[in-house]
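J.: when you get a sec, could you give me coordinates for this:
(one chain, ligands or ions: 2)
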Amino acid sequence: MECGKESFDSRRPPFRCDCQGLLDVVHHNLSDVDADRLKHVFDSRLGERGTPFSGGVWRYKELIHPELPIDQIVTKYEGNTGLYESESLTSYAGVRKLWIKAQSENPSGSFKDNGMTVAVSHGRWLGYDNFACTSTGNTSSSMAMYAALSGSKSTVFLPSHGVSRNKALQTEAYGARLIRTEGGYDDGIRFLERHADEFGLYVCNSINPLRVEGQKSIAFELAHQLGWTLPDWLVVPGGALSNASAIGKGLLELHRTGFIDSVPRIAIVQAEGASPFHRMVAAKERSLIPEPRPATVASALNIGHPPNWPKAMRYVIEQSDGITVSVTDNEILEAKNRIDRSGIGCEPASAASLAGLRRLVSAGDVGPDETAACILTGNLLKDTDAIARSLKHEKRHGPDDVVPPIPLTPDVVRAML
Ligand SMILES: Cc1ncc(COP(=O)(O)O)c(C=O)c1O
Ligand SMILES: N[C@@H](CCOP(=O)(O)O)C(=O)O
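T.: Ligands and ions are numbered 1, 2, ... in the order given. Modelled structure (predicted):
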């Protein structure tokens with residue numbers, strides 16, 4: 001807790017301490033962890049199939065939610081995502097070595113699954129059967145998927161604007177009750193904090209500390225894949241700042257327990273039109289001024305009042321010497337184009353990471369001889385309107401008509417080739 005009080009009872013789902021700070025999970029036994037023994041355990045689980053431990057979240061259960069009974073785990077074997085190297089992206093970013101960690105390959109298509117499997121499992125364990133969130137579309141699709149998997153209901157408060165159609169449809173397809181609301185994500189969070197209890201809803205947004213615990217596994221799996229030696233920099237897009245906080249917390253815990261020798265620096269990349277955290281850090285301020293009208297092509301980042309900013313401040317900026325940067329929509333779309341053409345692919349919000357890294361290199365904040373990993377947070381098909389926009393198809397053909405048909409004759413084809 002920000003005030004230092006340790007009052008969290010893991011069998012109840014409160015989100016804020018009396019001091020109004022968001023709660024956090026504290027693992028008291030970290031100093032007793034035998035990293036060498038656990039490394040063997042984690043290695044041995046790589047060969048498992050069809051058990052919770054075969055996924056890239058619960059493989060690290062001892063460091064995430066040790067007391068949750070195994071039979072309560074709701075999993076789709078999330079994690080286990082690809083780690084790619086691409087010459088073209090490395091030279092675009094301008095670093096010596098670049099890895100792309102594709103959380104976009106998760107079962108619902110985004111990094112939210114790493115956190116959601118933990119939140120929904122925890123909620124089921126507490127006896128909840130209706131899971132709720134407000135969302136720009138990825139949290140909701142992930143939550144609806146796990147709720148359906150566990151035979152529970154899900155209720156989504158969807159902002160009136162700026163949510164990609166595909167994400168809303170995906171959420172509905174998994175059986176969620178969609179309640180379209182006036183206002184944005186920030187209004188939805190305020191509503192749920194006030195009223196979830198009254199409606200018997202278990203909140204799955206990242207104000208829930210169990211979500212953040214699950215998302216730590218992104219750092220764990222990356223470190224594991226790289227033999228417990230991480231690059232100089234991890235680069236993450238920042239919206240609600242759950243992922244940056246989770247990765248920061250995870251890295252600090254890996255270091256404290258002796259899994260890794262040093263903590264890499266984290267760069268948080270925000271979209272210029274939704275960058276209240278970057279503005280605060282750049283101005284060396286210590287309190288966040290919310291952005292009342294967040295607006296970016298990376299719709300997943302349309303968040304004006306990131307609830308996890310104090311955690312990001314603590315774990316990323318203060319305790320791991322992290323930095324922030326903002327990028328324009330054009331930079332995001334250009335980076336997305338590069339990532340798509342590399343064969344990896346992602347939605348716009350994810351591409352902010354590569355755009356941010358490129359900008360940091362050209363500003364001299366990241367050296368050309370350094371190494372980095374960009375976290376890709378969401379799948380290419382999550383936002384096909386953005387693809388149409390970045391390919392500039394919209395004007396010529398309309399978003400539903402990717403290329404106009406031609407007569408199928410050798411002469412016409414030859415002329416086109
Ligand atoms: C695809 C995608 N990328 C990045 C983010 C930002 O992550 P965070 O909100 O944890 O900062 C989100 C959602 O917030 C997202 O859906
Ligand atoms: N992009 C997110 C918004 C942040 O949500 P949260 O789960 O961190 O509260 C989304 O997909 O909704």
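J.: near ligand 1, which residues of the stretch 151-300 of the chain?
T.: Selection of the stretch 151-300 of the chain residues close to ligand 1 by CB under 6 Å from any ligand atom yields 237, 238, 239, 240, 241, 242, 243, 244, 300. Where C-beta positions appear, they are placed from N, C-alpha and C, glycine not excepted.
J.: one more time with 5 Å, if that's ok
T.: Contact residues, the stretch 151-300 of the chain versus ligand 1 (CB under 5 Å from any ligand atom): 237, 238, 239, 240, 241, 242, 243, 300.
J.: can you check the stretch 1-150 of the chain too?
T.: Within the stretch 1-150 of the chain, the positions adjacent to ligand 1 are residue 138 by CB under 5 Å from any ligand atom.
J.: do you have the strands of the stretch 1-150 of the chain handy? List them.
T.: Taking DSSP state E, counting those that start in this stretch as the criterion, the stretch 1-150 of the chain contains strands spanning 83-84, 97-102, 130-134.
J.: turn these into CSV, columns for mean pLDDT and mean neighbour count.
T.: Formatted as CSV, these follow (pLDDT from 0 to 100; neighbours: other CB atoms under 10 Å):
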stretch, mean pLDDT, mean neighbour count
strand 83-84, 98, 15
strand 97-102, 98, 22
strand 130-134, 98, 26
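J.: quick one: which of these is nearest residue 386?
T.: Distance to residue 386, taken as CB to CB, is lowest for strand 97-102 among these, at 17.6 Å.
J.: with just CA atoms, put the closest one into PDB.
T.: The C-alpha coordinates for strand 97-102 follow below in PDB (Å, rounded to 0.1, in the frame of the first residue of the first chain):
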ATOM      1  CA  LYS A  97      19.700  -6.400 -30.500                       C
ATOM      2  CA  LEU A  98      15.900  -6.400 -30.300                       C
ATOM      3  CA  TRP A  99      13.500  -9.100 -29.200                       C
ATOM      4  CA  ILE A 100       9.800  -8.900 -29.800                       C
ATOM      5  CA  LYS A 101       7.700 -10.600 -27.100                       C
ATOM      6  CA  ALA A 102       4.300 -11.300 -28.600                       C
END
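J.: nearest to residue 404, out of the strands of the stretch 1-150 of the chain?
T.: Per CB to CB, nearest to residue 404 of the strands of the stretch 1-150 of the chain: strand 97-102, 32.3 Å.
J.: mind listing what residue 81 touches?
T.: Applying CB atoms under 8 Å, 6 or more residues apart in numbering, one finds that residue 81 lies in contact with 56, 101, 102, 103, 104, 105, 106, 221.
J.: quick one: the second one and residue 218 touch, right?
T.: Spelled out, it's residue 101. Yes: under the criterion of CB atoms under 8 Å, residue 101 makes contact with residue 218 at 7.0 Å.
J.: please enumerate the shared neighbours of those two.
T.: Joint contacts of residue 101 and residue 218 (CB under 8 Å, 6+ apart) are residue 375.
J.: the stretch 51-200 of the chain: helices as residue ranges?
T.: Secondary structure of the stretch 51-200 of the chain (DSSP state H, counting those that start in this stretch): helices located at 87-93, 112-126, 138-149, 165-173, 185-195.
J.: packing partners of the longest one?
T.: This points to helix 112-126. If contacts are counted by 3 or more CB pairs under 8 Å, 6 or more residues apart in numbering; DSSP states H and E, helix 112-126 sits against strand 130-134, helix 138-149, strand 202-203, helix 209-215.
J.: and if we set it to 10 Å?
T.: Secondary-structure packing of helix 112-126 (3 or more CB pairs under 10 Å, 6 or more residues apart in numbering; DSSP states H and E): strand 130-134, helix 138-149, strand 202-203, helix 209-215, helix 217-225, helix 242-256.
J.: next one: the first one
T.: For helix 87-93, the elements it packs on are strand 97-102, helix 329-341, helix 348-362, strand 371-376, judged by 3+ CB pairs under 10 Å, 6+ apart.
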